[in-house]
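Engineer: turn this into a structure:
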Amino acid sequence: MKRKELIQLAATVLQRLDAILPPLAQEPDWTAIAYRWHRLGNKGVLESLPHPHTFDLNCLAAVDEQRKQLVRNTEQFLAGRSANNVLMTGARGTGKSSLVKALLHQYASKGLRLVEVDKNDLLTLPALLNILKQRPEKFILFCDDLSFEDGDEAYKALKTTLDGGLSQRCDNVLVYATSNRRHLMPEYMADNMAQTSQGGEVHPQEAVEEKVSLSDRFGLWLSFYPFDQNAYLQAVENWLAEAGLQMDDTARRAALNWSQSRGSRSGRVAWQFVCDWAGRKPEERTI
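Structural biologist: Residues are numbered from 1 along each chain as shown. Purely as a prediction, here's the structure:
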């Protein structure tokens, strides 16, 4: 093989390797207010998000009590006082994730930072904590739509993070998680049976305790409930105001028709309606 061919072959191999090898470790952009953690082997990369999706807390409707508790816990955290990890569970589209995102709008100027962590990246949480504990900012690890299946090992890494394991828990890190499952793990009718079936667990209650032990590590539980029509319309009005529009009779009828077509009333459905309504031309905003 000629020298030129060898050089071309080597260049091709290097290009293919470059596509699969992790990027060189770089210092995160600490001027950002939001990040996403990506698992790479036993460690990971902290990627800054230059334009995070955030908005005013007052945009959210029908979650006043949940907002009050979450804000109080977050303010304790930012003030250097003791605060709890938070688990938000309940009906879909009712503002669980939105509440966390809106905290950035309110408290980024006071040192709050948000780090999004996918369930598949939880195994490398110790590496992330080693990076964050050296920083002066306050970080919320945001685990959205969190749930685990039987045999999933990622929940054990999260349990250690919540309690700190043998090492002390990071003073500048909290975990805020959302889920449609109250205990984050699948629960079965057999879990409620006093007797074991053939081939089942010898001590089934211990298996149940293992499932509950993860959610128990969240000190603050916030429950979210389905919207009634009034709550849905209030959410529509709030998002319309954010878009610079008013809630008139035409918009009200259109919003109700929208929810009927979706078969659901929630804050998410309200936001989706306003996205459509605000995007229409004025002459198209008719029923």
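Engineer: all contacts plus neighbour counts: C-alpha atoms, from now on.
Structural biologist: OK.
Engineer: list the residues that contact residue 76.
Structural biologist: Listed by Cα atoms under 8 Å, 6 or more residues apart in numbering, the contact set of residue 76 reads 82, 83.
Engineer: list the buried residues for the helix or strand encompassing it?
Structural biologist: Assessed by DSSP states H and E, residue 76 sits inside helix 64-78. For helix 64-78, burial by neighbour count (16 or more other Cα atoms under 10 Å) applies to 66, 67, 70, 71, 73, 74, 75, 77, 78.
Engineer: can you name the next helix or strand after the helix or strand bottoming out on mean pLDDT in the chain?
Structural biologist: Ranked by mean pLDDT, DSSP states H and E, the weakest helix or strand in the chain is helix 204-216, scoring a mean of 60. Once the chain leaves helix 204-216, the next helix or strand it forms, by DSSP H and E, is strand 220-224.
Engineer: neighbouring strands of that following strand in the sheet, and parallel or not?
Structural biologist: Counting by DSSP bridges, the strands paired with strand 220-224 are strand 86-90 (parallel).
Engineer: from the middle of its chain, how far away would the partner strand be?
Structural biologist: Offset of strand 86-90 from its chain centre (Cα atoms, centre = their mean, to the nearest Å): 10 Å.
Engineer: that strand: what's the following helix or strand?
Structural biologist: Per DSSP H and E, the first helix or strand lying C-terminal to strand 86-90 is helix 96-107.
Engineer: quick one: residue 177 and residue 253, what's the gap?
Structural biologist: Counting by Cα to Cα, to the nearest Å, the gap from residue 177 to residue 253 is 35 Å.
Engineer: more neighbours, these two?
Structural biologist: residue 177 (25 against 14; other Cα atoms under 10 Å).
Engineer: how distant is the host helix or strand of residue 129 from the center of its chain?
Structural biologist: If you go by DSSP H and E, residue 129 is part of helix 125-132. Mean-position distance between helix 125-132 and its chain equals 18 Å (Cα atoms, centre = their mean).
Engineer: would you point out the most distant pair within the buried residues of helix 64-78?
Structural biologist: 66 and 78 (18.4 Å; Cα to Cα).
Engineer: ok, the residue lying closest to residue 222 once chain neighbours are set aside - contacts?
Structural biologist: Excluding the flanking residues, the one nearest residue 222 by Cα to Cα, 6 or more residues apart in numbering is residue 88, at 4.7 Å. Counting by Cα under 8 Å, 6+ apart, residue 88 makes contact with 96, 176, 177, 178, 179, 221, 222, 223, 224.
Engineer: quick one: low-confidence parts of the stretch 151-287 of the chain?
Structural biologist: Across the stretch 151-287 of the chain, the ranges flagged by pLDDT under 70 are 151-153, 164-168, 182-212, 287.
Engineer: circling back to that earlier point, look up the pLDDT of the residue nearest to residue 222 for me, please.
Structural biologist: pLDDT, the model's per-residue confidence, is 95 for residue 88.
Engineer: residue contacts, residue 122?
Structural biologist: 154, 155, 157, 158.
Engineer: so which of the residues you listed comes closest to residue 31?
Structural biologist: Taking Cα to Cα as the measure, residue 31 lies nearest residue 158 of the contacts of residue 122, at 26.8 Å.
Engineer: what number of residues lie near the closest one?
Structural biologist: Residues near residue 158, counting by other Cα under 10 Å: 20.
Engineer: any idea how far it lies from residue 125?
Structural biologist: 7 Å.
Engineer: show me where the stretch 101-250 of the chain has its helices.
Structural biologist: According to DSSP state H, counting those that start in this stretch, the stretch 101-250 of the chain carries its helices in the segments 125-132, 154-163, 204-216, 229-242, 249-262.
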